[in-house]
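Undergrad: give the three-dimensional model of this entry:
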Amino acid sequence: MLPVLSVDGLSASYRKNKVLDDVVFDVSPGTMTSIVGPNGAGKSTLLKTILELHPRLAGKISFFGSSYQKVKSRIGYVPQRGSVDWDFPTNALDVVLMGLYGKIGWLKWPKRSHREKAMEALAEMGMADYASRQISQLSGGQQQRVFLARALVMDADLYFLDEPLAGVDAATERAIMATLNLLKSRGRTVLVVHHDLQTVEDYFDHVLLLNRTVIAHGPTEKTFTESNIYRTYGGTLRWKGAKSG
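TA: Numbers count the residues shown, from 1 in each chain. Next comes the predicted model:
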């Protein structure tokens, strides 16, 4: 089966410091993959480089056997909440409508059908009552739900999320994971930068262990082992949650 994402020999740097080196992996359709690794391992840079938000030094990337520019309408992205200017004067509904600009057109006004679709996505995330609320007035968990609604409204085939569960309350975490599982049940593919190793086995069917390069990648039950985690974190992590092997 053709991978939905294929990364071959990817390298990238920040200020002449290489943060990704010869990254190689394929992602099968309909999977939900956790990307884990220590701070500075290049997890966020990996997503940004794949999505052409950060330049790459070397390597090839293909989506559904094609280039990003040809299929970007099939790809959804939720960035880290800390990287967003939440003081920008816009409300929750307008943020979600941004996910439809590819279909609306940048110089055209949204139609009623577009607004209805955006409201449905907000409702799915439990945020319909906050549609007219300025995003700066929302809590961190509410902001994250709005951004996930924006990704949902795109009706993409492949989703990238950069630490969507970081700093959110338990109810929001459950709502986000329920939504991601719903996407997976519909045959969508999801990649998530994740920080909590305790929940990897519960939340994800695949895991990619990253520390500048891919240490291990595959089904969680076979790949998320103590030895692979030790190799990824260099012995700096004291945690006994993974399987031995």
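
Undergrad: in the helix or strand hosting residue 116, which residues are buried?
TA: Assigned by DSSP states H and E, residue 116 belongs to helix 112-124. For helix 112-124, burial by neighbour count (16 or more other C-beta atoms under 10 Å) applies to 114, 115, 117, 118, 119, 121, 122, 124. Glycine gets a C-beta too; all of them are placed from N, C-alpha and C.

Undergrad: stretch 87-97 now?
TA: Neighbour counts over stretch 87-97 (16+ other C-beta under 10 Å) mark 91, 92, 93, 94, 95, 96, 97 as buried.

Undergrad: same question, stretch 61-79
TA: Quick answer for stretch 61-79 (16+ other C-beta under 10 Å): 61, 62, 63, 64, 71, 74, 75, 76, 77, 78, 79.

Undergrad: surely residue 233 meets residue 215?
TA: No - taking contacts as C-beta atoms under 8 Å, residue 233 lies outside contact range of residue 215: 9.3 Å.

Undergrad: related to what we said a few turns ago, of all the buried residues of helix 112-124, the one with the weakest confidence?
TA: Least confident entry in the buried residues of helix 112-124, by pLDDT: residue 114, with 83.

Undergrad: adjacent strands (with direction) for the helix or strand harbouring residue 76?
TA: Taking DSSP H and E as the definition, one finds residue 76 inside strand 75-78. As defined by DSSP bridges, the strand partners of strand 75-78 come to strand 158-162 (parallel).

Undergrad: other residues contacting the strand it pairs with?
TA: 4-5, 43-44, 47, 50-51, 63-64, 74-80, 83, 148, 151, 180, 183, 188-193 (C-beta atoms under 8 Å, 6 or more residues apart in numbering).

Undergrad: against which helices or strands is whichever helix or strand comes after that strand packed?
TA: The first helix or strand that comes after strand 158-162 along the chain, using DSSP H and E, is helix 170-185. If you count contacts as 3 or more C-beta pairs under 8 Å, 6 or more residues apart in numbering; DSSP states H and E, helix 170-185 packs onto strand 32-36, helix 140-153, strand 158-162, strand 189-193.
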